[in-house]
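**Q** please work out how this folds:
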Amino acid sequence: MTSAVPQPRTETASAARARGGGRRSLAAALLLGAVGAALALLASRQAWAHGTASVAGGDFPLTAKGSDVTGVPAALAIVGLAALVAVFAVRRTGRFLVSLLLAASGAGIIVAALLGVEDTEALDEKAAEASGDAAARIGELTHTGWPYAAAAAGLLLLIAGILALTRGGSWPAMSGRYERGGAPAPRRASRPVDPERPEELWKALDRGEDPTR
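**A** Below you'll find the model as predicted:
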């Protein structure tokens with residue numbers, strides 16, 4: 001006689017693996033998104049380029065920070081961080097759109113950072129201010145590694161967005177305890193109280209119910 005395969009146990013194991021995979025992808029997205037946003041903000045405050053300007057016959061050193069070159073990485077880092085938090089406040093289509101915004105923020109940071117690697121406009125403006133000559137240009141230009149750090153930060157946010165797009169359907173969302181408008185969900189109707197049982201009358205009173213109804 002052939003014994004039946006314990007199907008419920010197989011389904012339980014599959015559900016446990018799915019939950020485990022969802023938790024791992026959730027933790028990875030949170031870590032990557034938070035680190036990426038923090039790194040992008042940090043990189044925007046660091047020196048991206050150094051140069052010199054000729055002032056009164058001498059060389060005057062100048063430095064351009066990331067925020068001088070472009071404000072896009074810092075702005076998109078904040079947008080990406082907000083999108084990462086908002087992923088848990090929405091469901092279905094809303095979660096997809098927010099995840100797409102998270103991924104787009106990372107991609108935008110990458111593009112802006114790489115375009116800023118060879119940008120000289122910020123230093124040219126500083127050279128014109130320092131020398132008093134609007135036609136002045138920066139000399140002995142050197143760049144730091146911070147633009148590439150900003151690009152790496154954008155990549156982390158992009159990966160977090162891709163994880164949210166592909167695995168976000170299995171992630172938890174904020175509790176639906178309260179309905180729209182902030183009103184609490186109605187209580188389930190309790191069973192009628194038996195007037196012949198005093199203990200049920202006392203329990204009804206403890207719950208704030210009218211046992212005579």
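**Q** let me see the contact set for the closest residue to residue 121 other than its chain neighbours.
**A** Nearest-residue entry for residue 121: residue 69, 7.8 Å, with adjacent residues in sequence omitted and distances by Cβ to Cβ, 6 or more residues apart in numbering. Heads up, the C-betas are built off the backbone N, CA and C, glycines and all. Contact criterion Cβ atoms under 8 Å, 6 or more residues apart in numbering gives 48-49, 116, 119, 121-122, 147 as the residues in contact with residue 69.
**Q** got the contact list for residue 115?
**A** Contacts of residue 115 were listed using Cβ under 8 Å, 6+ apart, and they are residue 70.
**Q** in the chain, what helix or strand scores lowest on average pLDDT?
**A** When the helices and strands of the chain are compared on mean pLDDT, DSSP states H and E, helix 198-206 comes out lowest with a mean of 61.
**Q** run through the strands of the chain in chain order.
**A** Counting by DSSP state E, the chain has these strands, from start to end: 47-55, 58-65, 139-143.
**Q** let's have these in a markdown table, adding mean pLDDT.
**A** Shown next, in a markdown table, are these (pLDDT from 0 to 100):
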| stretch | mean pLDDT |
| --- | --- |
| strand 47-55 | 81 |
| strand 58-65 | 79 |
| strand 139-143 | 77 |
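**Q** how about the helices in the protein?
**A** Under the criterion DSSP state H, helices of the chain are mapped to 7-44, 66-69, 72-86, 92-115, 121-131, 146-167, 198-206.
**Q** nearest to residue 140, of those?
**A** Distances from residue 140 to each of the helices of the chain were compared by Cβ to Cβ, and the smallest falls on helix 121-131, at 10.4 Å.
**Q** what angle separates that closest one from strand 139-143?
**A** 140 degrees (axes from the mean of the first three to the mean of the last three Cα atoms, to 10 degrees).
**Q** angle of helix 121-131 against strand 58-65?
**A** Taking the same axes, to 10 degrees, one finds helix 121-131 and strand 58-65 inclined to each other by 140 degrees.
**Q** okay, the angle between helix 121-131 and strand 47-55?
**A** Relative orientation of helix 121-131 and strand 47-55, computed by the same axes, to 10 degrees: 30 degrees.
**Q** helices or strands next to helix 121-131 in the packing?
**A** Using 3 or more Cβ pairs under 8 Å, 6 or more residues apart in numbering; DSSP states H and E as the contact definition, the elements that helix 121-131 packs against are strand 47-55, strand 58-65, helix 66-69.
**Q** which positions within the longest one qualify as buried?
**A** Residues of strand 47-55 classed as buried under the neighbour-count rule (16 or more other Cβ atoms under 10 Å) are 48-54.
**Q** give the contact list for the closest residue to residue 96 other than its chain neighbours.
**A** By the measure of Cβ to Cβ, 6+ apart, the closest residue to residue 96 outside its immediate chain neighbours is residue 165, 6.9 Å from it. The neighbourhood of residue 165, defined by Cβ under 8 Å, 6+ apart, consists of 96, 99-100, 103.
**Q** same check, this time on residue 123
**A** Neighbour list for residue 123: 49, 51, 62, 64, 138, 141 [criterion: Cβ under 8 Å, 6+ apart].
**Q** residue 27: neighbour count?
**A** 10 (other Cβ atoms under 10 Å).
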